[in-house]
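# Below are the sequence and a predicted model for it; my questions follow.
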Amino acid sequence: MQEVQKFISDNKDRFLNELMDLLKIPSVSADPRYKEDVAKTATAVSESLSKAGCDMVRIYPTEGHPIVYGEHMINPDLPTVLVYGHYDVQPPDPLDLWDSPPFEPVIRKTDKHPQGAIFARGSCDDKGQMYMHVKAFEAMIRTNALPCNVKFMIEGEEEIGSGNLGTFCKQYSEMLSCDVVLISDTSIISNDTPSITVGLRGLSYVEVEVTGPNKDLHSGVYGGAVANPAQVLCDMIASLKDESKHITIPGFYDDVAIVSGEDRKAMNQAPFDKDEYMKSLGIEETMGEKGYTILEQTSIRPTLEVNGIWGGYIGEGAKTVLPSKAFAKISMRLVPNQQSDKITQLFKKHFESIAPAGVKVVVRPHHGGEAAVTPSDTPEYRAAAMAMKEAFGKDPIPVRGGGSIPIVALFEEVLNVKTVLMGFGLDSDDIHSPNEHYGLFNYYKGIETIPYFYKYYTQLKK
């Protein structure tokens, strides 16, 4: 491994410059205006895999954005690692809250990243973390140190629900056959406290529309007599939680997996400073579900959050209008045993049932995915833990993440393999927010750690 690490050290500047170039391409999957840029990014990723040493690289079109596949097969008798990542990114809005343009990456120092961090959309989620694997693979290839087979599947629709990935995996299941899936799209507790994610929440995402009168009305002439969709929508959303922040949709908690007191106690032993947490967010208090700690609220409990709400006049100045329509986007994070389709239907039925007579309500499901829990007593996990210890000098802590990667459950269903979630970002890296960033320490540490995973996993599988 010394030659691998030396290669990485000697090529750090190039590795960084290549990532910066990738971050300049605005691969926003949710916005059709960026379709050509998404395709351009797929091409860039495929070229990177070829240059890194893959024997076969191909871009597979889908009904949406393309999937990039690459492989380097040494011996079919050796273990095979399938690396999954995504090259698409979240929309950068609101642009006026960025300190620098989202697709013009710059490096700045922060309290959490004294060595510097790359500020750009996609820097942490997931271009930076995906590209670590390409560079770690290159380092192993160039030093003849790759101990097993490697496959890459890098998609362009993760941020919009991976709608075409399930079909792709089923169609090409033989090509994708592997012994383990390796993903870096999660975080560590801190740069001096490594961790491995052993659980993810599922997701149900919907958009709701409330319609009142057949056109916008003068709020003086009609206000007070006609239902205002914006106000009705706010009232309906407010009713979805009680004073304890418990979700009021009938049946919502029926299938929630109960976490034992012992497991909850172990979970809360992870380093966490509530005051620092609130200070970093600029808030004076948290507002989670009562009866659970913040670490529990953000991992083992389901949630319901408004992601966006709009309607009526929102331009400059004043316009006294009673809007015809109002909209909201709502996401529900789900825990093990909850099924996304079932929760979506429960939401739809309840939301439509509480609509007052003066409005019409439409609920449009967007996408969803299932929660996943990965065991920590497998060769895959042990290899990741050994790799983390080698790189960080201390054992990693197993944690449950609050985010969702629906593909994890799909991999287990279709490919019949477990996933290792070995991420290197920080929760404070502002993914999905303005000023997303990724520490140079984290980027390089990921590249340094990944080869150790291959080494130990191959040893443990023999």
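Perfect, thanks for sending it.

# mind checking the longest helix of this protein?
Identified as the longest helix of the chain according to DSSP state H is helix 440-461.

# packing partners for it?
Other helices and strands packing on helix 440-461, by 3 or more C-beta pairs under 8 Å, 6 or more residues apart in numbering; DSSP states H and E, are helix 2-10, helix 12-23, strand 117-119, helix 127-142, strand 180-183, helix 379-392. (C-beta placed from N, C-alpha, C; glycine too.)

# Can you list the buried residues in it?
440-458, 461 (16 or more other C-beta atoms under 10 Å).

# Tell me how far Pro79 lies from Glu305.
Distance of Pro79 to Glu305, computed by C-beta to C-beta, to the nearest Å: 40 Å.

# the more surrounded of the two?
Ranked by neighbour count (other C-beta atoms under 10 Å), Pro79 and Glu305 place Pro79 first, with 22 against 9.

# residues in contact with the more buried one?
Cys148, Asn149, Asp179, Val180, Tyr457, Thr458, Lys461 (C-beta atoms under 8 Å, 6 or more residues apart in numbering).

# want to throw those residues into JSON lines with pLDDT?
Listed next are those as JSON lines, based on pLDDT from 0 to 100:
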{"residue": "Cys148", "pLDDT": "98"}
{"residue": "Asn149", "pLDDT": "98"}
{"residue": "Asp179", "pLDDT": "97"}
{"residue": "Val180", "pLDDT": "97"}
{"residue": "Tyr457", "pLDDT": "98"}
{"residue": "Thr458", "pLDDT": "98"}
{"residue": "Lys461", "pLDDT": "92"}
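
# got the residues you listed as TSV, with distance to His367 columns?
Formatted as TSV, those follow (distance: C-beta to C-beta, whole Å):
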residue	distance to His367
Cys148	33
Asn149	32
Asp179	29
Val180	26
Tyr457	32
Thr458	36
Lys461	34
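
# tell me which of the residues you listed is nearest to Ser340?
Of all these, Ser340 sits closest to Val180, with 24.7 Å by C-beta to C-beta.

# May I ask you to confirm that that closest one is in contact with Met422?
No - the pair Val180 and Met422 fails to qualify as a contact (C-beta atoms under 8 Å) at a distance of 10.8 Å.

# Looking at the two, which one has more neighbours?
In this view Val180 and Met422 are compared by other C-beta under 10 Å, and Met422 has more residues nearby, 30 against 25.

# so what's the residue nearest to that one when sequence neighbours are not counted up against?
Of all residues not flanking Met422 in the chain, Ala384 sits nearest, at 4.9 Å (C-beta to C-beta, 6 or more residues apart in numbering). For Ala384, the contacting residues are Ile196, Pro396, Val420, Met422, Phe453, by C-beta under 8 Å, 6+ apart.

# Out of the residues you listed, which sit inside helices?
Checked against DSSP H, the contacts of Ala384 include these in helices: Phe453.

# okay if I get the contacts of Ala384 as a markdown table plus pLDDT?
As requested, the contacts of Ala384 are exported to a markdown table (pLDDT from 0 to 100):
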| residue | pLDDT |
| --- | --- |
| Ile196 | 96 |
| Pro396 | 96 |
| Val420 | 97 |
| Met422 | 97 |
| Phe453 | 98 |
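
# which among the contacts of Ala384 gets closest to Lys127?
Met422 (16.7 Å).

# Quick one: residues contacting the closest one.
Leu182, Ile183, Ser184, Thr186, Ile196, Thr197, Ala384, Ala387, Met388, Thr449, Ile450, Phe453 are the contacts of Met422 under C-beta under 8 Å, 6+ apart.

# Go through these and name the one nearest Glu296.
When those are compared against Glu296 (criterion: C-beta to C-beta), the nearest one is Thr197, at 15.5 Å.

# From what I see, the closest one and Arg400 are in contact.
Yes - in this structure, Thr197 is within contact of Arg400 by C-beta under 8 Å, at 7.1 Å.

# The two - which one has more neighbours?
The neighbour comparison of Thr197 against Arg400 (other C-beta under 10 Å) goes to Thr197, with 28 against 23.

# Now do the more buried one, the pLDDT please.
Thr197 carries a pLDDT value of 95.

# list the contacts for it?
Counting by C-beta under 8 Å, 6+ apart, Thr197 has contacts Thr186, Ser187, Thr374, Pro398, Val399, Arg400, Gly401, Leu421, Met422, Gly423.

# Relative to Pro434, which of those is nearest.
Nearest to Pro434 among the contacts of Thr197, with distances taken as C-beta to C-beta, is Ser187, at 18.5 Å.

# In space, what's closest to that closest one - neighbours in sequence excluded?
Gly425 (4.4 Å).

# and the gap between the one you found and Lys274?
Taken as C-beta to C-beta, the span from Gly425 to Lys274 is 21 Å.

# any idea which of the contacts of Pro79 is closest to Ile405?
Among the contacts of Pro79, and counting by C-beta to C-beta, the member closest to Ile405 is Val180, at 15.1 Å.

# From Glu412, how far out is that closest one?
Applying C-beta to C-beta, the value for Val180 to Glu412 is 11 Å.

# what sits in contact with each of those two?
What both Val180 and Glu412 touch, as defined by C-beta under 8 Å, 6+ apart, is the set Lys418, Thr419.

# Return the residues in contact with Val68.
42, 45-46, 49, 57-60, 87, 152-156.

# Which parts of the chain belong to which domain?
Annotated domains of the chain cover 2-200+372-461, 202-256+302-369 [automatic domain parsing].

# ok, and which of the ones you listed has the densest surroundings?
domain 2-200+372-461 (a mean of 20; mean count of other C-beta atoms under 10 Å).

# so how far is stretch 20-34 from its chain's centroid?
Stretch 20-34 sits 16 Å away from the centroid of its parent chain (C-alpha atoms, centre = their mean, to the nearest Å).

# Kindly export it (C-alpha atoms) in CSV.
Provided in CSV are the C-alpha atoms of stretch 20-34 (Å, rounded to 0.1, in the frame of the first residue of the first chain):
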residue,chain,number,x,y,z
MET,A,20,-12.8,21.2,-10.2
ASP,A,21,-13.3,20.7,-13.9
LEU,A,22,-16.1,18.2,-13.3
LEU,A,23,-17.8,20.6,-10.8
LYS,A,24,-18.0,23.3,-13.5
ILE,A,25,-20.6,21.3,-15.5
PRO,A,26,-24.1,22.1,-14.2
SER,A,27,-25.5,18.6,-14.2
VAL,A,28,-28.9,19.5,-12.6
SER,A,29,-31.1,16.5,-13.3
ALA,A,30,-34.4,18.1,-12.1
ASP,A,31,-34.4,20.9,-14.6
PRO,A,32,-34.8,20.1,-18.4
ARG,A,33,-32.8,23.2,-19.3
TYR,A,34,-29.7,21.3,-18.1
